[in-house]
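> Kindly generate the corresponding structure for this input.
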Amino acid sequence: MDTSSLWQGTAAKTACLPTLQADLKVDVAIVGGGITGLSAAMLLVEAGKRVAILEAYKVGDGSTGNSTGNLYATLDLGVHTLEQAHGADIARQVLASRAAAIDLIESTVGRLGMDCGFQRVPWHLLAADAAHVKDIEEEAAAVQRAGLDAALVDSIALPVPCARALRVASQAQFQPFAYVRQLAQAIGSEDCLIFEHTRVLAVDDATGLVRTEHGTVHAEHVILATHSPIGIHLVQAKLEVVREYGVALQCDDAVPAPGIYWSIGEERHSLRGFTQHGQSYLVAVGSAHSTGDEDIGRDRYQNLEQYAREHFQAGAIEYRWSAQRYRAKDKLPYIGLNVDATRTYIATGFSGDGLTYGTLAGMLLADAILGRDNPWAALYQVERLATEERPEGFEQKKTGPTESDSGPPLDAAQQAGLENLAPCQARKIEVAGKPIAVYRTADGALQAVAGKCTHMGCDINWNDAERSWDCNCHGSRFAPDGRVLEGPALEPLQAVALDRDARN
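Numbering: from 1, shown residues only. Predicted coordinates for the structure are as follows:
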């Protein structure tokens, strides 16, 4: 079984892109090579700007490559929920802006001749039982008020429980990893420099300097297209962070008809089919939880597999993966010039709707930098943060690394307590009042790192489903050896020395 996503595993291989090795100067530096950063870069380069994209791993390997591949104008949180919070007019504008983003993807695919499986399909929201029928009916009314082609139906062509369903026409699906990789190939040039394996270590808004391990980029404008912006920013106090899991099973005999299917019942699931080179897959997504929760185990994947097999004649699991979503507490993303910034732009709070919102963010940010009016810019403006009280710890926005507390070495008693720690398992302990995160590798060695997140010092907890240390405040994630995997943290967890006796 592959632990990469279905999209990463089935996309055509492309050549690796270079790592930044020298200093350079551009008009716009973009941190993050996902759909947000690449969409903005495409539009900026077309308008005559020189751009550099700095990606910590490989283009598309983050949230974009670990998404569902679904594109829709509707919303993960529900149009009815947004309407209750902000009114019917705002809901209508939000859905119109998201529809325009899908149109941009469709036109880009056609214009560049991309092979990424883009197709228009219906989107469905179905009640798994009678208890949720009212929710479906309320959502249908809100979607219709927002101007989408929507209808209530009593059944769908899918072998899952359905008491009532909402069907919205002309939404879309594609292969997201193939899309962004091909987009990078199409726009890469002397005017659009794309660097992989180039982790950004600090951003100075005052000077426009972006520092990496082997070079700096000086820019007139900086876009932090990293979902949650790296470093410490006020917006992070306004985001709820959730992880969600996905599996792809071989499914030759009962592939779901083209379309997006969301089921709400005791749990919420997203289903879709995908076929490439004669092989079909059933994609099931769900098992969500708040990032950094305690006692997260491998049952997250097992529950998804069980749900899929209850309703489909599916074969082996070929891929499993996960992704992180950041939902704005006031239900609207933050897209635009960061609060207190003069040249740094952010795009975050997309919830589970990141492919469409990411593309929309690229449109909005490009227009803002180019000085062009955009009819939807005010919906998502970041300035609304400035009118709210600043939580403790966010008085001064920082974009450089922060100090972590490595803690003291383990004493003999602590070492003895780790003797029963099994391979590929982890445990948090406390030494002299300081938390330490310990992991035993597959070959039996112990790895110990400081047990507090380097972003703002919050607790970290072990995620056994992904073998990572996850922060329960702002979503930073770390490998067992302390390397930053994801999130706003810039610095790794510092290693803690272990005495020789604890290593075996």
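
> Do a quick rundown of the helices in this structure.
Counting by DSSP state H, one finds helices in the chain at the ranges 6-10, 35-46, 79-86, 88-112, 133-145, 176-187, 299-311, 354-370, 412-417.

> Reformat those helices as JSON lines; add distance to His227 and mean neighbour count.
Yep, even glycine has a C-beta here, placed from its N, CA and C like the rest. Converted to JSON lines, the helices of the chain look like this (distance: least, C-beta to C-beta, whole Å; neighbours: other C-beta atoms under 10 Å):
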{"stretch": "helix 6-10", "distance to His227": "17", "mean neighbour count": "22"}
{"stretch": "helix 35-46", "distance to His227": "8", "mean neighbour count": "26"}
{"stretch": "helix 79-86", "distance to His227": "20", "mean neighbour count": "19"}
{"stretch": "helix 88-112", "distance to His227": "17", "mean neighbour count": "18"}
{"stretch": "helix 133-145", "distance to His227": "26", "mean neighbour count": "19"}
{"stretch": "helix 176-187", "distance to His227": "14", "mean neighbour count": "24"}
{"stretch": "helix 299-311", "distance to His227": "20", "mean neighbour count": "17"}
{"stretch": "helix 354-370", "distance to His227": "7", "mean neighbour count": "25"}
{"stretch": "helix 412-417", "distance to His227": "36", "mean neighbour count": "14"}
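
> Just give the closest residue to Gln182, not the sequence neighbours.
Met114 (4.8 Å; C-beta to C-beta, 6 or more residues apart in numbering).

> The one you found contacts Glu106, doesn't it?
No - assessed by C-beta atoms under 8 Å, Met114 is found out of contact with Glu106, at 10.3 Å.

> Enumerate every residue touching Gly286.
Glu244, Tyr245, Glu267, Arg268, His269, Ser270, Asn303, Leu304, Tyr307 (C-beta atoms under 8 Å, 6 or more residues apart in numbering).

> Kindly apply the preceding question to Gln182 instead.
Thr14, Leu112, Met114, Asp115, Cys116.

> Check the second one and give its pLDDT.
At Leu112 the predicted local confidence, pLDDT, stands at 98.

> For it, give its distance to Arg440.
Counting by C-beta to C-beta, to the nearest Å, the gap from Leu112 to Arg440 is 48 Å.

> what do you get for the last one?
Here Cys116 is placed at a distance of 41 Å from Arg440 (C-beta to C-beta).

> Just want to know which of the two has more residues nearby.
Counted by other C-beta atoms under 10 Å, Cys116 and Arg440 do not tie: Cys116 has more neighbours, with 24 against 20.

> surely the more buried one meets Ala178?
Yes - at 4.1 Å, Cys116 counts as touching Ala178 under the criterion of C-beta under 8 Å.

> Low-confidence ranges, the stretch 351-500 of the chain, go.
390, 392-417, 498-500 (pLDDT under 70).

> Which parts of it are strands?
426-431, 434-440, 446-450, 460-463, 468-471, 477-478, 484-486 (DSSP state E, counting those that start in this stretch).

> Now do the contacts for Met74.
Just to correct that, residue 74 is Thr rather than Met. Applying C-beta under 8 Å, 6+ apart, the residues near Thr74 are Leu95, Trp123, Leu125, Val143, Leu148, Val168, Gln171.

> Generate JSON lines for the residues you listed, with distance to Ser476 and pLDDT as supplementary columns.
Below are the contacts of Thr74 laid out as JSON lines (distance: C-beta to C-beta, whole Å; pLDDT from 0 to 100):
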{"residue": "Leu95", "distance to Ser476": "32", "pLDDT": "98"}
{"residue": "Trp123", "distance to Ser476": "32", "pLDDT": "98"}
{"residue": "Leu125", "distance to Ser476": "32", "pLDDT": "98"}
{"residue": "Val143", "distance to Ser476": "35", "pLDDT": "98"}
{"residue": "Leu148", "distance to Ser476": "36", "pLDDT": "97"}
{"residue": "Val168", "distance to Ser476": "35", "pLDDT": "98"}
{"residue": "Gln171", "distance to Ser476": "33", "pLDDT": "98"}
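
> Specify the residue ranges that define each domain of the protein.
117-171+238-325, 412-503 (automatic domain parsing).

> burial count for the residue nearest to Gln182?
20.

> Distance of the closest residue in space to Ser189 that isn't next to it in sequence relative to Gly32?
Closest residue to Ser189 apart from its sequence neighbours, by C-beta to C-beta, 6+ apart: Val45 at 7.4 Å. Separation of Val45 from Gly32 (C-beta to C-beta): 16 Å.
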